[in-house]
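Colleague: I'll drop the sequence and a predicted model, then ask my questions.
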Amino acid sequence: MYSLSDKFAGMKPSATREILKVTSEPGMIAFAGGSPAIEAFPAEEVTKLSNEILTENAVSALVYGVSEGYEPLRKTVKEWLKRRENVGTDDDTVIITAGGTQVMDIATRILTSEGDTIICEEPSFVGSLNCFRSHGLRLAGVPIDADGMNIEKLEETIKANPNAKFIYTIPNFQNPGGTTLSLEKRKAMYKLALENDLVIVEDNPYGNLRVAGEDVPAIKSFDTEGIVIYAGSFSKILAPGIRVAYAVVPSKMAGAFTIGKQVSDVHTGVLNQMIVSRWFDEYDVDAHIERIKLIYRKKLNLMCDCLDRYCPQIEYVRPEGGLFIWAKLPKKVDMLSYVKELIKYKVAVVPGSSFMTDDTAPCDYIRLNFSTPSEENIEKGVEIMGEVLKKFGE
């Protein structure tokens with residue numbers, strides 16, 4: 001009789017993945033996803049590029065690749081990041097990964113041992129939290145304010161966890177909180193990490209989806225000491241199914257990171273990397289980003305307006321971009337009961353407890369996704385949310 005490892009025996013499936021199973025039911029309005037808007041996918045461009053690659057020299061896309069990534073794409077990403085975000089120096093290495101979560105997995109492999117602690121935002125992305133848990137790590141959550149992680153609490157958490165190995169942060173349009181870490185707090189976080197021999201893993205999958213406000217410099221852009229691993233992805237600006245992302249890794253860690261990549265999956269799919277590389281060669285990616293921002297701006301504003309109209313009891317910080325709204329229910333409303341009741345009325349949301357370091361603790365929040373549903377369903381779904389709230393005496 002087999003038994004599961006201690007690290008996996010107590011783990012639960014992602015609540016987001018589980019609740020997505022009900023979104024396929026006829027008539028279900030899905031606020032539970034995390035996918036970009038399908039109307040933002042450059043499907044015709046990807047079809048054309050795929051055909052070109054497979055017609056010209058299919059074998060080049062079908063053989064094993066280099067673990068660090070397809071060299072033309074690595075060069076393109078390096079130049080693009082330097083131009084757009086001033087990220088990357090001669091002492092950094094760009095490595096292509098199979099999705100952004102793989103960056104977290106490899107960083108965890110090379111920087112931690114079982115029983116160590118990861119400091120993260122509270123709440124935080126459930127995929128990363130489960131990744132950390134799967135390596136047998138402890139999670140120390142730091143609450144977020146409207147402008148990101150609370151720095152005083154971060155300092156206290158660092159002092160209370162001398163075996164912490166890195167700080168994990170999603171600085172732009174945080175998932176699920178929707179908040180953006182201010183420049184002042186980014187500098188304070190970097191200073192604390194430097195003083196306490198901590199690495200920062202800066203996860204920035206949503207940074208290109210800013211629809212309001214001003215860009216804030218990446219933490220990696222002022223990393224003079226090589227303590228920041230920067231993660232980005234093409235899932236949100238190209239297509240998530242292609243599974244191409246990247247890490248900007250201090251060169252002193254690059255060798256270990258490459259080995260971590262090798263033991264994880266050898267290399268990212270060559271065909272998919274070639275598609276992304278040619279996309280940059282043949283199309284104006286920056287212009288594409290500006291076009292899809294129009295889609296997200298309209299949907300974000302619509303959902304916020306609908307929440308204000310139909311659910312004035314719900315509190316939230318209006319995001320400046322990204323894909324999510326972190327919505328706080330009135331105290332009298334039991335969050336899990338509300339989520340289950342919404343499903344009966346064909347509206348699916350994600351329970352906020354899924355994003356907490358202790359997912360059994362009480363939680364008043366739900367996460368709403370505005371990128372996937374149609375504009376019609378955004379209004380219809382939020383109106384239903386308001387009607388169901390009334391059943392709870394609110």
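Modeller: Yes, it's here.
Colleague: mind listing the helices for the protein?
Modeller: In the chain, the helices defined using DSSP state H lie at 6-9, 15-20, 43-62, 71-85, 100-111, 126-134, 151-160, 183-195, 251-265, 270-282, 285-310, 335-344, 375-391.
Colleague: looking at the ones you listed, which is closest to F355?
Modeller: helix 126-134 (5.4 Å; C-beta to C-beta). Placement of C-beta: from N, CA and C, glycine included.
Colleague: Low-confidence regions, the chain specifically.
Modeller: Applying pLDDT under 70 to the chain flags residues 2, 7-20, 394.
Colleague: okay, the helices of the chain in TSV with mean neighbour count and distance to I227 next?
Modeller: Below are those laid out as TSV (neighbours: other C-beta atoms under 10 Å; distance: least, C-beta to C-beta, whole Å):
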stretch	mean neighbour count	distance to I227
helix 6-9	10	27
helix 15-20	17	31
helix 43-62	13	36
helix 71-85	17	18
helix 100-111	24	11
helix 126-134	21	19
helix 151-160	16	14
helix 183-195	18	6
helix 251-265	17	10
helix 270-282	20	28
helix 285-310	17	29
helix 335-344	16	37
helix 375-391	18	41
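Colleague: check contacts around the residue sitting nearest the centre point of the chain.
Modeller: Central residue of the chain (C-alpha atoms, centre = their mean): P205, 5.2 Å from the mean position. By C-beta atoms under 8 Å, 6 or more residues apart in numbering, the contact set of P205 is 100, 170, 175, 231-233, 235-236, 245.
Colleague: Tabulate these (TSV), appending distance to T76.
Modeller: Shown next, in TSV, are the contacts of P205 (distance: C-beta to C-beta, whole Å):
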residue	distance to T76
G100	18
I170	24
N175	26
A231	17
G232	13
S233	15
S235	17
K236	18
A245	14
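Colleague: what's the burial count for the nearest residue to A239 once chain neighbours are set aside?
Modeller: Distances taken as C-beta to C-beta, 6 or more residues apart in numbering place F41 nearest to A239, at 4.9 Å, with adjacent residues excluded. Neighbour count for F41, taken as other C-beta atoms under 10 Å: 18.
Colleague: Please identify which of the helices of the chain is closest to L368.
Modeller: For the helices of the chain, proximity to L368 was assessed by C-beta to C-beta; helix 285-310 is nearest, at 6.7 Å.
Colleague: who does the closest one touch, helix- and strand-wise?
Modeller: Using 3 or more C-beta pairs under 8 Å, 6 or more residues apart in numbering; DSSP states H and E, the elements in contact with helix 285-310 are strand 324-328, helix 375-391.
Colleague: sorry, back to before: gap between the residue nearest to A239 and I158?
Modeller: 41 Å (C-beta to C-beta, to the nearest Å).
Colleague: and if you look at K344?
Modeller: K344 is 44 Å from I158, by C-beta to C-beta.
Colleague: that older thread, which of the contacts of P205 fall in strands?
Modeller: Residues of the contacts of P205 located in strands (DSSP state E): 231-233, 245.
Colleague: Could I get these in TSV, plus columns for distance to A361 and neighbour count?
Modeller: Formatted as TSV, those follow (distance: C-beta to C-beta, whole Å; neighbours: other C-beta atoms under 10 Å):
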residue	distance to A361	neighbour count
A231	27	27
G232	31	29
S233	29	25
A245	31	25
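Colleague: could you dump these to a markdown table with distance to A61?
Modeller: Below are the ones in strands among the contacts of P205 laid out as a markdown table (distance: C-beta to C-beta, whole Å):
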| residue | distance to A61 |
| --- | --- |
| A231 | 25 |
| G232 | 23 |
| S233 | 21 |
| A245 | 19 |
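Colleague: give the contact list for V228.
Modeller: 190, 199-202, 219-220, 250.
Colleague: let's go with 6 Å and repeat that
Modeller: 200, 202, 219-220 (C-beta atoms under 6 Å, 6 or more residues apart in numbering).
Colleague: Next, count neighbours for G393.
Modeller: Neighbour count for G393, taken as other C-beta under 10 Å: 8.
Colleague: Can you list phi and psi of the residue nearest to it when sequence neighbours are not counted for me?
Modeller: Excluding the flanking residues, the one nearest G393 by C-beta to C-beta, 6+ apart is K332, at 6.0 Å. Backbone torsions for K332, taken as degrees, to the nearest 10, come to phi -80, psi -10.
Colleague: K332: how many residues sit nearby?
Modeller: 9.
Colleague: do you know how far it is from F132?
Modeller: Shown here: K332 relative to F132, a distance of 34 Å by C-beta to C-beta.
Colleague: same deal with A254?
Modeller: 22 Å.
Colleague: Check G88 too.
Modeller: Shown here: G88 relative to F132, a distance of 25 Å by C-beta to C-beta.
Colleague: next one: K298
Modeller: Taking C-beta to C-beta, one finds K298 at 35 Å from F132.
Colleague: just T93 next, same as before
Modeller: Distance from T93 to F132, counting by C-beta to C-beta: 23 Å.
Colleague: Then D147?
Modeller: To F132, D147 is 24 Å away according to C-beta to C-beta.
Colleague: If we ignore the residues flanking it in sequence, what's nearest G226?
Modeller: Nearest to G226 is P250, by C-beta to C-beta, 6+ apart, at 3.5 Å.
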